[in-house]
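1. Here is a sequence with its predicted model. Questions after.
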Amino acid sequence: MPELPEVETIVRGLRRPLRGRRVRAIEVLRPDLLDTTATRFSSAIVGASFSRVARRGKNLLLHLEAGPNGGRPTRRRPDGAAEPGTLVVNLGMSGRLLVRAPADSAPEPTHPGVRFRLDDGSVLVYHDVRRFGRLRVMDPGALAAWSDCLGPEPLARGFTARALEEALRRSAAPIRSWLLDQRRIAGVGNIYANEALFRARVHPGAPARGIVGGATKRLHRALRAVLREAIDSNGTTLRDYRTARGGEGSYGARLRVYGREGRPCPSCRRPIARVTFGGRSAYFCRSCQPRRIVR
DNA sequence: CGTGCCCCCTGTCAGC
DNA sequence: TGCTGACAGGGGGCAC
């Protein structure tokens, strides 16, 4: 569910309330959300405090600093100093990360998976109905190796139209599938892939390597514009996604094709089509996004 | 290696 | 009203 704009919104909402907060206790209600035992997970975090909060693709990175007498570090350097770990959270389809202030009047989350009790009395709750999400603690080496497996950040300076064209050339996969592959670009999911392809007037089934010249430039611009605008709207809440404070994103009202099968194309008024491939729906306008690439 | 398909899980909604 | 099947923002594993 949550794609780059949704995760970015959550990251921004977590920075202030988490900064410097020490974890006093952890309750693991759903151990299947972890890649290790609840005991190991807890001992790596309890006693440590949150430092930097960041994002990589659709993942949240909650960097930890080992405490003076707690928060067993994930590893020790040869000189014995504690290496800080990073809590990496992937929200899957329905995950939420919610901060609850000490006397929060908001209703208790219905599907809590992990609760982090913090030193100021607030609670960070990982909530996930479908439990496709994962919480992992990585040491710096593992974090770097993991990050290297992901593609570039589409909003980073280095992500140019030229770089995109170069990458597209190496694949015959349908462009919509290509955009969803996190090893090629990090952070794009089904909503924003469809929206970007509509804006770029590229058919979702077009082979990646067939997108060249002007079409590449349009796709590059469209991707970045859609992601930035969605961040400005705090993301898209269709059902499960919530900000760190439980709010909804408002970009849903601005979607042009995603979820709009049969409704008029905003450009030509012909009905939006939906076809399924790669196990997911692609929404597009047959007239504005012809199968033959318009360069 | 690249690509496509199935599955993980729960909830919701359309159709009968 | 109740049952059944399709579908949902993601991603890992496996077969080809």
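-> Here it is on my side, so go on. Numbers count the residues shown, from 1 in each chain, chains lettered A, B, ... in the order given.
2. how about the strands in chain A?
-> A:23-28, A:49-56, A:59-65, A:75-76, A:82-83, A:86-90, A:95-100, A:112-118, A:123-128, A:134-138, A:273-277, A:280-284 (DSSP state E).
3. Next, format these as TSV and append mean neighbour count.
-> Yep, even glycine has a C-beta here, placed from its N, CA and C like the rest. TSV is the format used below for the strands of chain A (neighbours: other Cβ atoms under 10 Å):
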stretch	mean neighbour count
strand A:23-28	17
strand A:49-56	18
strand A:59-65	21
strand A:75-76	14
strand A:82-83	16
strand A:86-90	22
strand A:95-100	24
strand A:112-118	21
strand A:123-128	22
strand A:134-138	21
strand A:273-277	13
strand A:280-284	20
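4. and these, which one's lowest on average pLDDT?
-> Among the strands of chain A, strand A:75-76 has the lowest mean pLDDT, at a mean of 50.
5. returning to that earlier point: tell me which of the strands of chain A lies nearest to DNA strand C.
-> When those are compared by Cβ to the nearest atom of the strand, strand A:280-284 sits nearest DNA strand C, at 3.3 Å.
6. anything in the closest one near DNA strand B?
-> No - Strand A:280-284 stays clear of DNA strand B (Cβ under 7 Å from any atom of the strand), getting no nearer than 8.7 Å.
7. Restrict that strand to CA atoms and write it as PDB.
-> Output of strand A:280-284 as PDB, limited to C-alpha atoms (Å, rounded to 0.1, in the frame of the first residue of the first chain):
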ATOM      1  CA  ARG A 280      -2.100  -6.400 -10.500                       C
ATOM      2  CA  SER A 281      -4.400  -3.900 -12.300                       C
ATOM      3  CA  ALA A 282      -3.100  -1.300 -14.700                       C
ATOM      4  CA  TYR A 283      -5.300   1.700 -15.400                       C
ATOM      5  CA  PHE A 284      -4.800   3.800 -18.500                       C
END
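8. how much space between whichever residue of chain A sits closest to DNA strand B and A:Gly235?
-> As assessed by Cβ to the nearest atom of the strand, DNA strand B sits closest to A:Arg130 within chain A, at 3.3 Å. According to Cβ to Cβ, to the nearest Å, A:Arg130 and A:Gly235 sit 18 Å apart.
9. neighbour count winner among these two?
-> Neighbour tally, A:Arg130 and A:Gly235, criterion other Cβ atoms under 10 Å: the higher count belongs to A:Gly235, 28 against 12.
10. Phi, psi for the more buried one please.
-> phi 90, psi -170 (degrees, to the nearest 10).
11. Which residue is the nearest non-sequential neighbour of it?
-> Among residues not flanking A:Gly235 along the chain, A:Gly249 sits closest, at 3.3 Å (Cβ to Cβ, 6 or more residues apart in numbering).
12. okay, now the one you found: neighbour count?
-> 22.
13. who's in contact with it?
-> Shown in contact with A:Gly249 (Cβ atoms under 8 Å, 6 or more residues apart in numbering): A:Pro5, A:Glu6, A:Thr9, A:Ala230, A:Ser233, A:Asn234, A:Gly235, A:Thr236, A:Thr237, A:Tyr241, A:Thr243.
14. separation between the closest residue to A:Pro207 other than its chain neighbours and A:Val114?
-> Nearest residue to A:Pro207 in three dimensions, chain neighbours excluded: A:Ala172, at 5.0 Å (Cβ to Cβ, 6+ apart). Distance of A:Ala172 to A:Val114, computed by Cβ to Cβ: 41 Å.
15. Might one say that the residue of chain A closest to DNA strand B is in contact with A:Arg96?
-> No - taking Cβ atoms under 8 Å as the definition, A:Arg130 is not a contact partner of A:Arg96, at 11.4 Å.
16. hmm, back to that, A:Arg291 versus the residue nearest to A:Gly235, what's the distance?
-> A:Gly249 is 32 Å from A:Arg291, by Cβ to Cβ.
17. residues contacting the closest residue to DNA strand C within chain A?
-> Nearest to DNA strand C in chain A, going by Cβ to the nearest atom of the strand, is A:Gly189, at a distance of 2.1 Å. Taking Cβ under 8 Å, 6+ apart, we find A:Gly189 in contact with A:Met1, A:Pro2, A:Glu3, A:Leu4, A:Lys58, A:Leu180.
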